[in-house]
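[1] one predicted model, sequence on top.
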Amino acid sequence: MSKTKRAGAGHYEILFIIPNKFTEDEAKKVAEKIEGLVTADGGKVTLREFWGKKRLAYKIKQNEYGYYGLFEFDLEGSNLAKIEYDMRLSTDILRHQIVVKKAKTEAQLKREAEIRAKIDSKKAEAEKQLAEQEKSEAAAKKTEKGEEKNSNLGNLDEKLEGILNADDLIN
């Protein structure tokens, strides 16, 4: 038995980068094609994530940006080489990497979902507090400006009274 191929179905993860020459909708269609490669060889996709357009760490084939995607799938180890070969030949993919991944239990998936929900709620709460703080700061600045205008108007009124009451103005 080979050290690189597993007997039976294994759990894998594939991360891929689609070049920036595509629009986001076209990049999603390319991701669907990649999913089709996996399912055509008897694989079952268990997780789909499309991360969207990101800046690359370095230029790859004159591309500074690319669309990132991630799939987790279950597949027979003997079919993995065919998917690898097809992806290597595809001109729609800048880079890809397939790694063996330990399959997660339902309890682990549930726990991760709970943690993700907590993080999202804390982010939303922090954004809400920041918006309220910015709103209160803007209101405070507005009242300060209003008071400055009122004090400037009061000074202006006093100066006008002084000018109009001056005796040397008419003489």
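    Now that the structure is in, tell me what you want to look at.

[2] gap between the two ends of stretch 14-27?
    16 Å (CA to CA, to the nearest Å).

[3] pLDDT on that stretch, on average?
    Across stretch 14-27, the average pLDDT comes to 92.

[4] now stretch 45-61
    For stretch 45-61, the per-residue pLDDT averages 90.

[5] can you point out the buried residues in that stretch?
    Val45, Thr46, Leu56 (16 or more other CB atoms under 10 Å). Just so you know, the C-beta spots here come from the backbone N, C-alpha and C atoms, and that holds for glycine as well.

[6] looking at those residues, which are in strands?
    By the criterion of DSSP state E, membership of those in strands covers Val45, Thr46, Leu56.

[7] show me the contacts for the second one.
    Going by CB atoms under 8 Å, 6 or more residues apart in numbering, Thr46 touches His11, Glu72, Phe73, Asp74.

[8] by neighbour count, which of those wins?
    Neighbour tally across the contacts of Thr46 (other CB atoms under 10 Å): the maximum, 24 neighbours, falls on Phe73.

[9] which helix or strand contains that residue?
    strand 63-76 (DSSP states H and E).

[10] by contact count, what packs against that strand?
    Strand 63-76 sits against strand 9-19, helix 24-40, strand 44-60, with contacts defined as 3 or more CB pairs under 8 Å, 6 or more residues apart in numbering; DSSP states H and E.
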